[in-house]
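[1] only the shape, not the letters, is given here:
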């Protein structure tokens, strides 16, 4: 069988979007075959810090190469002081990962300001807290360390910062003992940092932080029986109950907080939409 291959000797930028679309069509017609694996193994080489031939093909098609080049000039490999202040003030960020086959996953990560720390000129670290127990992001990073982070402020002054790099999961990180509620520490070695225009970021108002961001995570660390699926039922049915904090919150014993009840399998089956 004759296989279609892009000619690698062609000048950069000559490829067009149709050729990349043809490749995707071939991939869909040849699943689980030797030909599929041969085509799938091909990856467009990066021609600069941010772009590969696929990016360049569309930039040329829509006449945006000069603009893209100007934006790339603002990219960097080390954090500035402003970057550090912004990242460590964020209550949340978004993380994109992929498994060994390239299947993507995007996750929301949240915590109190400072839960993400810039630990070096080209490194940051953040904790992995208990969640729904799926370990989608951490599992992907364990087999494919490439990661993309989006830090975005949708309240106050709109701003966003993108970071691409490689992740390392550490079970014995020196930050772990000082991070209440953390199971693991993830460190990101930065490949590239680049800002994005805030043009389409909506202007929103922060009414109150989440329970985790406001300090409930440290109190929750001492609760017995509440270890998984925190907040999931609150997002679906809004059922809560009163629990007395113990352990990590001994100084606040007798203070009650509203904590989501973990649903039973029977209750999950009742939901009209997927639980996770």
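    Cool, the structure landed. All of these numbers come straight from a predicted model, not from anything done at the bench.
[2] in three-state terms, label residue 58 for me.
    Assigned with DSSP: H, G, I helix; E, B strand; the rest coil, residue 58 falls in the helix class.
[3] do residue 70 as well
    Criterion first, three-state DSSP; result for residue 70: helix.
[4] next one: it from residue 194, what distance?
    Distance, residue 70 to residue 194, by Cβ to Cβ, to the nearest Å: 12 Å. All C-beta atoms are positioned from the backbone trio N, CA, C, and that covers glycine.
[5] those two: who's more crowded?
    With neighbours defined as other Cβ atoms under 10 Å, residue 70 and residue 194 compare such that residue 194 has more, 16 against 9.
[6] return the residues in contact with the closest residue to the more buried one other than its chain neighbours.
    The shortest distance from residue 194 to any non-neighbouring residue, by Cβ to Cβ, 6 or more residues apart in numbering, is to residue 75 (3.9 Å). Remark: with contacts taken as Cβ atoms under 8 Å, 6 or more residues apart in numbering, residue 75 is in contact with 49, 50, 192, 193, 194.
[7] one more pass at 6 Å, please.
    Contact analysis of residue 75 by Cβ atoms under 6 Å, 6 or more residues apart in numbering lists 49, 50, 192, 194.
[8] check residue 164 too.
    Residue 164 sits in contact with 148, 191, 192, where contact means Cβ under 6 Å, 6+ apart.
[9] same question for residue 79.
    Shown in contact with residue 79 (Cβ under 6 Å, 6+ apart): residue 118.
[10] residue ranges in this protein under the pLDDT threshold?
    1-44, 211-276 (pLDDT under 70).
[11] could you redo the last one with a cut-off of 90?
    Across the chain, the ranges flagged by pLDDT under 90 are 1-49, 130-133, 154-158, 178, 180-181, 196-276.
[12] tell me where it has strands.
    Counting by DSSP state E, the chain has strands at residues 92-98, 104-110, 117-120, 123-129, 146-153, 159-170, 182-196, 240-244, 256-260.
[13] quick one, which of these gets closest to residue 62.
    Closest to residue 62 of those, according to Cβ to Cβ: strand 182-196, at 17.8 Å.
[14] for the closest one, packing partners?
    Applying 3 or more Cβ pairs under 6 Å, 6 or more residues apart in numbering; DSSP states H and E, one finds that strand 182-196 contacts strand 123-129, strand 159-170.
[15] just the buried residues of it, please?
    Applying a neighbour-count criterion of 16 or more other Cβ atoms under 10 Å, one finds 182, 184, 185, 186, 187, 188, 190, 191, 192, 193, 194, 195 buried in strand 182-196.
[16] same check, this time on stretch 115-128
    With burial defined by 16+ other Cβ under 10 Å, the residues of stretch 115-128 counted as buried are 115, 116, 117, 118, 119, 122, 123, 124, 125, 126, 127, 128.
[17] farthest pair in the residues you listed?
    Greatest spacing in the buried residues of stretch 115-128, by Cβ to Cβ: 122 and 128 (21.0 Å).
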